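Q: below is the sequence, then the predicted model.
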Amino acid sequence: MKQISLSLQLTPRQVEEYYRGRARHVVAEAADGRIIQLPIKVLHPFISKQGIQGDFLVTTDDENRFLKIASISANSNQGGLLDAEA
């Protein structure tokens, strides 16, 4: 298993794009500089009126397939972007 630390700041408007079917993935830069893509549905438990904000720890298998995500703090200063599909 591998663990990846990242910070997300998605606005309520960005999260709304998911509900409208315009976005399916979040693309973010991990703390170590890697760019990762997650299906936004795995972030559903972390949605609030402020959007999705905080520091997270993503666990993957050895082939980099998503296993789980956990919140490790409530505040962050870096953000992720929704990968809108036209």
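A: Nice, I can see it.

Q: mind checking which helix or strand the most centrally placed residue in the chain is in?
A: Of all residues in the chain, the one closest to the mean position by Cα atoms, centre = their mean is residue 26, 5.1 Å from it. Assigned by DSSP states H and E, residue 26 falls within strand 23-29.

Q: centre of the chain to that strand, how far?
A: On the basis of Cα atoms, centre = their mean, to the nearest Å, strand 23-29 sits 6 Å off its chain's mean C-alpha point.

Q: output that strand in CSV with nothing but the alpha carbons.
A: Output of strand 23-29 as CSV, limited to C-alpha atoms (Å, rounded to 0.1, in the frame of the first residue of the first chain):
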residue,chain,number,x,y,z
ALA,A,23,-17.2,17.0,-13.4
ARG,A,24,-16.3,13.6,-12.3
HIS,A,25,-12.7,13.9,-11.0
VAL,A,26,-10.6,16.1,-8.7
VAL,A,27,-7.1,16.7,-9.9
ALA,A,28,-4.7,17.9,-7.2
GLU,A,29,-1.0,18.2,-6.4
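
Q: and the residue nearest to the centre of the chain, what's its pLDDT?
A: Looking at residue 26, its pLDDT stands at 91.

Q: all helices for the protein, in order.
A: Applying DSSP state H to the chain gives helices spanning 12-19.
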